[in-house]
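Visitor: show me how the following folds:
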Amino acid sequence: MAVSGTPEDVEIFVLSSLRSLEAVQKAIDSGLGPESWQVAAHASVWEYIVARVRESGRVPTLSDIYAACEVTLMKDIEDDQTFLDELINRTVERHAMNAIMEHGPLLANDPKRAVALLVGDLSEITSGVSAHTTYFDESDRRVREMEERVNKVASGEAIGIRTGLRALDSKGSNWHSGDVVAIQGPLNSGKSGLLLWFCAQAYFYDKKRILFLTPESTIKDIEDRLDPMIGTFMNYNLSNTALRMGTLDMDIFKKYRTEFEIMGRKDFIIRDSGGSGEFYLEDIIRQAREHRPDLLAIDGVHLIGGEGKSWELMKEAGKALKGITQLMGMVTIGGTQVQRDAVLASDSPASLGQSAFGMGFLEASNKVISLAEKRGDPLQRVWTLPKNRDGYRITDRQYLRFDIDRGLIGDLGMSVDSATGIVDAVSEIDFN
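Guide: Predicted coordinates for the structure are as follows:
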């Protein structure tokens, strides 16, 4: 049957097509919501259908809908996709107009900031990303998902993104879609280096798209640290010091970069904060929407700018970052500082309650890695996992080889003196 194209006709056809759980879920995932309907009675029908599905797991009958909303829907339609696509297009257009109108006053006073916010809003509209809903009762779906996991593991692939640390990966504590991870530690304890190494691991071994936001370091500094890490994975011995000072062997560097180019990768994006020295929360969200990373890294969550007290700001930032991480199905990892007097004993990472600025971010995080320097050895670090919402916490101290100059970070074996707690002998286990 042909449709005239009026809002009333399009909306009736779409509502009439919602005769199964799959059809309702498809409409929700397509971005339809209460604001999609120009006819108030149709909005009521939509809300009634969604409410009944969520409450009972069943789609209401046409008689139920008429009794509740006094709207008569069609029994049979032939081409429901055309009508759904048309309503989606109109919904997107309405969202776009609302976004432009919302930022209208700001355009007059601060055009640059208004455009930044608008770009982010419009990117979200066109991305097709929406909240996720599933029905636990769907056994066929769950069996398929488990078969996919088992087959993945059998073929040597990882579930989620490998961290590169045996203590995490061996227990299934990989980075998973929707995870927010905090790396906390004192000033100069190596948070930025560990964060970059996690990104390098995910990028090189699991072929993930990375967005690395650096409010303090320059892009050149990040690249000078990243080359030795990637070079190590490719069996090249590069030095961060030599790169910075211009004393490197150019023949080796050219060979490394030529081999790297053959990979054809264009998805490790580094962004600095320009002249401001900080990212505002909306900047971070806009960048994430624009680049669609698998892993978003924020090198200094405590440097997020904004108005209000630091605790309130971090609490709101934590909630917002958790929301956008889950919405986009990515992983977010951020570094944050602990109190200057937090580490009372050598080799002892700080506890959860000793965060200097980022407690709100830690509360929103699925995992918290606490990092500390190793007593008497600048090429080692100590870490624990005091929070792991989806797995085991790691309270025993773990030790890392931590040679940023050569890009070597990895697990170390432990031989700990029971009386002093000092690691007497350490052997390298695995750096990949």
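Visitor: how about His176, what does it touch?
Guide: When contacts are counted by CB atoms under 8 Å, 6 or more residues apart in numbering, His176 is found next to 159-161, 331, 390. For the C-beta atoms, the positions are set from N, CA and C on the backbone; glycine is no exception.
Visitor: just the buried residues from these, in ChimeraX please.
Guide: With 16 or more other CB atoms under 10 Å as the burial test, the buried ones among the contacts of His176 are selected in ChimeraX as follows:
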select :160,161,331
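Visitor: min pLDDT across the contacts of His176, which one?
Guide: For the contacts of His176, the least confident position by pLDDT is Asp390, scoring 81.
Visitor: not counting sequence-adjacent ones, nearest residue to that one?
Guide: The shortest distance from Asp390 to any non-neighbouring residue, by CB to CB, 6 or more residues apart in numbering, is to Asn366 (5.9 Å).
Visitor: all strands for the stretch 201-350 of the chain, in order.
Guide: Assigned strands in the stretch 201-350 of the chain, in chain order: 210-214, 268-272, 295-298, 331-337 (criterion: DSSP state E, counting those that start in this stretch).
Visitor: I'd guessed Tyr66 sits against Tyr48; true?
Guide: No. With contact defined as CB atoms under 8 Å, Tyr66 does not reach Tyr48; the gap is 10.7 Å.
Visitor: more neighbours: which of those two?
Guide: More neighbours surround Tyr48 than the other of Tyr66 and Tyr48, with 17 against 14 (other CB atoms under 10 Å).
Visitor: what kind of secondary structure is the more buried one in?
Guide: Three states are possible here, and by DSSP: H, G, I helix; E, B strand; the rest coil the one that applies to Tyr48 is helix.
Visitor: now do it against Ser36, distance only.
Guide: Separation of Tyr48 from Ser36 (CB to CB, to the nearest Å): 15 Å.
Visitor: related to what we said a few turns ago, okay, the residue nearest to Asp390: pLDDT?
Guide: In this model, Asn366 is scored at 91, pLDDT.
Visitor: any idea how many residues pack against it?
Guide: By the measure other CB under 10 Å, the count of residues near Asn366 is 21.
Visitor: and it, what does it touch?
Guide: With contact set as CB under 8 Å, 6+ apart, Asn366 has these partners: 178-181, 387-390.
Visitor: now, the most widely separated pair of the residues you listed?
Guide: Within the contacts of Asn366, two members stand farthest from each other by CB to CB: Gly178 and Lys387, at 15.8 Å.
Visitor: what about the contacts of His176, which are in strands?
Guide: Among the contacts of His176, DSSP state E puts Val331 in strands.
Visitor: export the contacts of His176 to CSV and tack on distance to Asp405?
Guide: Written out in CSV, the entries for the contacts of His176 read as follows (distance: CB to CB, whole Å):
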residue, distance to Asp405
Ile159, 33
Gly160, 30
Ile161, 26
Val331, 27
Asp390, 35
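Visitor: in terms of distance to Val338, which of the contacts of His176 ranks first?
Guide: For Val338, the nearest member of the contacts of His176 is Val331. The distance, counting by CB to CB, is 22.3 Å.
Visitor: mind checking how far the closest residue to Thr325 other than its chain neighbours is from Ile394?
Guide: By the measure of CB to CB, 6+ apart, the closest residue to Thr325 outside its immediate chain neighbours is Thr332, 4.5 Å from it. Using CB to CB, one gets 20 Å for the distance from Thr332 to Ile394.
Visitor: settle it for me: which of those two has more neighbours?
Guide: In this view Thr332 and Ile394 are compared by other CB under 10 Å, and Thr332 has more residues nearby, 29 against 20.
Visitor: hmm, that one is touching Ile298, no?
Guide: Yes. Using CB under 8 Å, Thr332 makes contact with Ile298 at a distance of 7.0 Å.
Visitor: can you pull the residues that touch both of the two?
Guide: For the pair Thr332 and Ile298, residues contacting each of them under the criterion CB under 8 Å, 6+ apart are Leu321.
Visitor: on that earlier part again, among the contacts of Asn366, the buried ones, what's the PyMOL command?
Guide: Listed next is the PyMOL selection for buried residues among the contacts of Asn366, using 16+ other CB under 10 Å:
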select buried, resi 178+179+180+181+387+388
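Visitor: and which of the contacts of Asn366 is nearest Asp206?
Guide: Among these, Asp179 lies closest to Asp206 (CB to CB), at 13.9 Å.
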